[in-house]
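Asker: requesting a structural model of the entry that follows:
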Amino acid sequence: MRTGWSYHPWNGGRSIEIGRLEAVGAVSLAAHFHQEVQVVAVSQGWRIYATPCGDIRAAAGDIAVIPARLPHASHGSPDAVVTHLYVPADHPAVRGVTIPRTMRLSRAPTPDDLIDAIGSLSEARQCDERSVFSAALIDHILGEDAEVGAVAARCGYSTDGFIRAFRRQFGMTPAAYRVAHRLAHARSQLKNGDAVADVAFAASFADQSHLGRLFRRAYGTTPGAYRSAFMVA
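Answerer: Numbering: from 1, shown residues only. Below is the predicted model:
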């Protein structure tokens with residue numbers, strides 16, 4: 001059995017990505033987020049996703065859905081077997097997902113089963129009112145001239161008060177959110193086949209090893225291994 005995370009495209013394409021964990025020992029991931037909606041299927045053991053909206057626990061037979069750009073860290077049982085689908089946020093099955101949730105799917109799901117199951121939740125979704133504010137705030141934080149003190153002043157906060165408020169809402173500081181954003185951008189570039197050294201430079205990491213350390217903490221694999229999984233003919 002493999003240990004740790006592996007990633008590959010679904011059906012030879014790159015629009016939907018599959019992540020797979022077959023753990024021998026507890027495997028944790030540092031706080032990060034994805035540009036895509038993350039669909040989780042646990043087939044053995046359990047996994048917990050810590051989000052600003054609360055912890056999401058998925059046990060064998062459960063599906064969890066984590067909205068795009070929602071920061072989360074995760075850990076689980078030492079025997080966990082977990083599949084992730086990373087689905088573009090504009091895909092019909094996940095469009096409008098703004099809050100994390102879980103559901104039960106008793107039989108072992110295939111990627112098609114997962115997409116169908118999530119699509120069936122459409123009528124049950126509710127718009128998260130905070131998402132409008134969140135999107136605007138994220139745009140401010142990620143702006144090229146986004147000095148935290150200036151953003152805080154525009155929002156009517158002191159710098160320290162703004163950092164505390166941001167952390168309550170997003171589960172990480174503005175500085176950590178920026179790093180997570182750079183990692184998500186690096187992941188996209190690696191999927192497109194860009195060289196690891198070039199990606200590290202473009203994403204403003206100190207060097208290739210700096211990117212490698214943070215990438216592995218967030219995604220459970222190295223940038224080189226991740227890139228290789230998508231280098232299909």
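Asker: contacts, neighbours, all on C-alpha from now
Answerer: Fine.
Asker: point out where the protein drops to low pLDDT.
Answerer: Applying pLDDT under 70 to the predicted model, the residue ranges of the chain that meet it are 1-3, 12-14, 106-109, 120-136, 144-145, 232-233.
Asker: please redo it, this time with the cut-off set to 50
Answerer: Applying pLDDT under 50 to the predicted model, the residue ranges of the chain that meet it are 1, 122-127, 129-130, 132-133, 233.
Asker: tell me where it has helices.
Answerer: Chain-ordered helices for the chain, with DSSP state H as the definition, fall at 111-119, 130-142, 148-154, 159-170, 174-191, 196-202, 208-219, 223-229.
Asker: what domains does the record give for the protein?
Answerer: 5-124, 130-229 (automatic domain parsing).
Asker: and those domains as a markdown table, adding mean neighbour count?
Answerer: As requested, these are arranged in a markdown table below (neighbours: other Cα atoms under 10 Å):
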| stretch | mean neighbour count |
| --- | --- |
| domain 5-124 | 19 |
| domain 130-229 | 17 |
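Asker: returning to what we had before: ok, which of the helices of the chain comes nearest Val42?
Answerer: The stretch from the helices of the chain with the least distance to Val42 (Cα to Cα) is helix 111-119; that distance is 11.3 Å.
Asker: distance between that closest one and the chain's centre?
Answerer: Here the centre of helix 111-119 is set off from its chain's centre by 18 Å, with Cα atoms, centre = their mean, to the nearest Å.
Asker: possible to save the helices of the chain as JSON lines with distance to His91?
Answerer: Supplementary listing: the helices of the chain in JSON lines, determined by distance: least, Cα to Cα, whole Å:
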{"stretch": "helix 111-119", "distance to His91": "10"}
{"stretch": "helix 130-142", "distance to His91": "18"}
{"stretch": "helix 148-154", "distance to His91": "32"}
{"stretch": "helix 159-170", "distance to His91": "24"}
{"stretch": "helix 174-191", "distance to His91": "17"}
{"stretch": "helix 196-202", "distance to His91": "27"}
{"stretch": "helix 208-219", "distance to His91": "23"}
{"stretch": "helix 223-229", "distance to His91": "23"}
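Asker: Leu21 is nearest to which of those?
Answerer: Comparing these by their distance to Leu21 (Cα to Cα), the top pick is helix 208-219, with 10.7 Å.
Asker: what does that closest one contact?
Answerer: Contacts of helix 208-219 from elsewhere in the structure, counted by Cα atoms under 8 Å, 6 or more residues apart in numbering, are 5, 29-32, 183, 196-197, 200-201, 205, 221-223.
Asker: which residues does Ala152 contact?
Answerer: The contact partners of Ala152, by Cα under 8 Å, 6+ apart, come to 158-159, 162.
Asker: what's the farthest-apart pair in the contacts of helix 208-219?
Answerer: Farthest-apart pair in the contacts of helix 208-219 is Trp5 and Phe201; separation 24.8 Å (Cα to Cα).
Asker: just name the closest of the contacts of helix 208-219 to Asp55, please.
Answerer: Sorting these by how near they are to Asp55, with Cα to Cα, puts Ala31 at the top with 12.7 Å.
Asker: and that closest one, how far from Leu190?
Answerer: The spacing between Ala31 and Leu190, counted by Cα to Cα, to the nearest Å, is 20 Å.
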